[in-house]
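Peer 1: after the sequence you'll find the predicted model.
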Amino acid sequence: MTSIIAQTDATPRIDTPEGVSWHLDALVGLVPKLAPIREQVGVVMPRVNPKHFAGMAKVICGQQLSVQSAAAIWSRFEVLPGALEPESYLGLSEEIVRGAGFSRGKFLSLRAVAEAVQTGALNFAEVDGLPAEEAIARLVALKGIGPWTAEVYLLFCAGHPDIFPAGDLALLKAAHHGLGLEARPSIKEMIVLAQDWSPHRSAAALLFWRYFAAMKQRAGILL
């Protein structure tokens, strides 16, 4: 797991265009070799998901799925009565949730989150304000929540400024091409590379996701 030390109350969150721009300015000042990538992709916008339980539900929904498949399943799940609140989610049957497209594993993972919220073992408002390493540790302690899920939740739902989901394949591909590396980095190698981008790793992640999308549109070279 990446070591993240930034205090989130010292800098803007990454959930507004102004926050993203602030962090990208600081990132490029810290690591000038990223400037050409920023110039190439143009404006980088935030990705903003619902907060707390609803946000975690959306992240779990998207685990190991294409963007299109995840969006289709989410559109069915989010309209289920009570699906986006922990207490009422616990009242939904597995049949109903799986009917929307969730796997049994995802149904159980979200149930574990809902139970943790209901018992007081998990307080999203508290976790969202923690330094990232501690926040990730709190989340991965829950059954079915791995590092990628915790990191994506903190980045997209909590707007944490110093998260880099090094296990994300698109980021690995984008770093390989954008940084001119001889080979696609492993997750461990990517964690080491991203350490130089702290405390602005969330901006770096958004930058490389945007780069990945731009390169796919141009020539398919990252497919």
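Peer 2: Sure, I can see it. These figures come from a predicted structure and were not determined experimentally.
Peer 1: and residue 31, its phi and psi?
Peer 2: phi -130, psi 80 (degrees, to the nearest 10).
Peer 1: can you pull the contacts of it?
Peer 2: By CB atoms under 8 Å, 6 or more residues apart in numbering, the contact list for residue 31 reads 196-197. For the C-beta atoms, the positions are set from N, CA and C on the backbone; glycine is no exception.
Peer 1: begin at 58, not 1, for the rest of this chat.
Peer 2: In the new numbering, first residue 58, that becomes residue 88.
Peer 1: could I get the pLDDT score of it?
Peer 2: For residue 88, the pLDDT comes out at 94.
Peer 1: which helix in the protein runs the most residues?
Peer 2: helix 258-276 (DSSP state H).
Peer 1: quick one: end-to-end distance for stretch 214-224.
Peer 2: 18 Å (CA to CA, to the nearest Å).
Peer 1: average pLDDT across that stretch?
Peer 2: Here the average pLDDT along stretch 214-224 is 92.
Peer 1: now do the SS call for the residue nearest the centre of the chain.
Peer 2: For the chain, the residue nearest the mean C-alpha position is residue 209 (1.6 Å; CA atoms, centre = their mean). For residue 209, the assignment made with DSSP: H, G, I helix; E, B strand; the rest coil gives helix.
Peer 1: residues contacting the residue nearest to it when sequence neighbours are not counted?
Peer 2: Excluding the flanking residues, the one nearest residue 209 by CB to CB, 6 or more residues apart in numbering is residue 116, at 5.1 Å. By CB under 8 Å, 6+ apart, the contact set of residue 116 is 106, 206, 209-210, 213-214.
Peer 1: and this structure, what are its domains?
Peer 2: With domains defined by automatic domain parsing, the chain comprises 65-104+220-274, 109-214.
Peer 1: chain center to the shortest one: distance?
Peer 2: Using CA atoms, centre = their mean, to the nearest Å, we find the averaged C-alpha position of domain 65-104+220-274 to lie 13 Å away from the chain's own average C-alpha position.
Peer 1: repeat that for the longest one.
Peer 2: Relative to the centre of its chain, domain 109-214 is centred 12 Å away, using CA atoms, centre = their mean.
Peer 1: can you list the low-confidence ranges for this structure?
Peer 2: 58-67, 275-280 (pLDDT under 70).
Peer 1: try 90 this time
Peer 2: In the predicted model of the chain, residues 58-68, 104-105, 119-125, 186-190, 201, 224, 271-280 satisfy pLDDT under 90.
Peer 1: which stretches in it count as helices?
Peer 2: Under DSSP H, the chain gives helices at 74-87, 92-98, 109-118, 124-134, 143-146, 151-156, 161-176, 181-185, 189-197, 204-209, 226-235, 244-252, 258-276.
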